[in-house]
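**Student:** Provided below for reference: sequence and predicted model.
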Amino acid sequence: MKFGKRLKQQIEETLPAWRDKYLSYKELKKLVKLISSAPPLLAESMEYGKAEAEFVYLLNNEIEKFNAFFMEQEEDFIIRHTELQQGIKRVIETWGPNGTNPSEAEYTDEMAKIRKDIVDFHGEMVLLENYSNINYTGLAKILKKYDKRTGGLLRLPFIQKVLQQPFFTTDLVSKLVKECEITINEVFPVEEEERTKERRKEAITVAGKGIFRNTVAALLSMQELRRGSSTYGHYSLPPLNLPDSDLLHSFQLNSPIPIL
């Protein structure tokens, strides 16, 4: 699948409020086509310099957009992570077996709500990691296209700059994702076989809607983007090996909307 179609599909698969935060790939592609189809311009000419400056200006605006959105989401995730941990502690201390007001029914109900919140939270963080991956990939592809069609040399210095941007640095989000997974395993332990059956049933039940489906689509997209290909190079993202491949496969087969 060409990147433009992949990006469009990914935007459709993400949360509605996020859809205008992705790379304006179509507009950038149009500009590259316009510049490359114009009469040949010497690299030293004023016209060429203006065209290249406009392209770089648009790219920098896109990066500012990515950074602002990404950092806003990071701050929100930090707050929500703390609130979820405090919520678990409150339920255990209030309705748990050794709590101030033990109640198995209340404990089960409240923990079920928190578990759902944690699963949704985990899903949104995976979506943000995918947001970083797909926008980085888009920038690399449009810069490669620009250099190839115009004879410019923007890709290498610009990508080196991108590698230092907040939206590209997902260490904190990855750490929170792992902590969420640890919390789910420790606070809501179930047998592995039971967990797999439950998640597979949930995947089929919510096919076509909800954060779970968006998360699965994001994971599959990241896997595809990071897979080695003929265009793989020094600045490509490393391959991604996903767990629960049977779950993803069953979800893909049962989803009314193909996830490619």
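**Tutor:** Received, thanks.
**Student:** can you list phi and psi of Ser24 for me?
**Tutor:** When quoted as degrees, to the nearest 10, the phi and psi of Ser24 stand at phi -80, psi 70.
**Student:** just give the closest residue to it, not the sequence neighbours.
**Tutor:** Once flanking residues are discounted, Ser24 sits nearest to Glu62: 6.3 Å by Cβ to Cβ, 6 or more residues apart in numbering. (Each C-beta comes from the backbone N, C-alpha and C, glycine too.)
**Student:** do Tyr22 as well
**Tutor:** Ile11 (5.4 Å).
**Student:** tell me the confidence at that neighbour?
**Tutor:** Reported pLDDT at Ile11 in the predicted model: 87.
**Student:** after the host helix or strand of it comes which helix or strand?
**Tutor:** Under the criterion of DSSP states H and E, Ile11 resides in helix 3-13. Per DSSP H and E, the first helix or strand lying C-terminal to helix 3-13 is helix 25-37.
**Student:** just the angle between the first helix or strand past that following helix going along the chain and helix 25-37, please?
**Tutor:** Of the helices and strands lying after helix 25-37 in sequence (DSSP H and E), the nearest is helix 46-95. Put simply, helix 46-95 runs at 170 degrees to helix 25-37, going by axes from the mean of the first three to the mean of the last three Cα atoms, to 10 degrees.
**Student:** surely the residue nearest to Ser24 and Tyr22 touch.
**Tutor:** No: under the criterion of Cβ atoms under 8 Å, Glu62 is not in contact with Tyr22, lying 9.2 Å apart.
**Student:** list residues touching both of these two?
**Tutor:** Common neighbours of Glu62 and Tyr22 (criterion: Cβ atoms under 8 Å, 6 or more residues apart in numbering): Asn135.
**Student:** what secondary structure does Pro102 sit in?
**Tutor:** Of the three states, Pro102 takes coil according to DSSP: H, G, I helix; E, B strand; the rest coil.
**Student:** and it, how far from Glu186?
**Tutor:** Distance, Pro102 to Glu186, using Cβ to Cβ, to the nearest Å: 21 Å.
**Student:** what of Ala140?
**Tutor:** For Ala140, the distance to Glu186 (Cβ to Cβ) stands at 39 Å.
**Student:** over to Tyr107?
**Tutor:** From Tyr107 to Glu186 the distance is 16 Å (Cβ to Cβ).
**Student:** same question, Asn61
**Tutor:** Distance, Asn61 to Glu186, by Cβ to Cβ: 43 Å.
**Student:** show me what contacts Leu55?
**Tutor:** Wrong residue type there; residue 55 is Phe, not Leu. By Cβ under 8 Å, 6+ apart, the contact list for Phe55 reads 28, 31-32, 35, 146, 154.
**Student:** mind showing which ranges of the stretch 151-260 of the chain have poor pLDDT?
**Tutor:** Applying pLDDT under 70 to the stretch 151-260 of the chain flags the ranges 189-260.
**Student:** for the stretch 101-250 of the chain, what spans make up the helices?
**Tutor:** 104-150, 155-162, 171-187, 192-205, 210-225, 245-254 (DSSP state H, counting those that start in this stretch).
**Student:** mind checking the SS state of Asn98?
**Tutor:** Assignment for Asn98 (three-state DSSP): coil.
**Student:** ok, it to Val177 distance?
**Tutor:** 30 Å.
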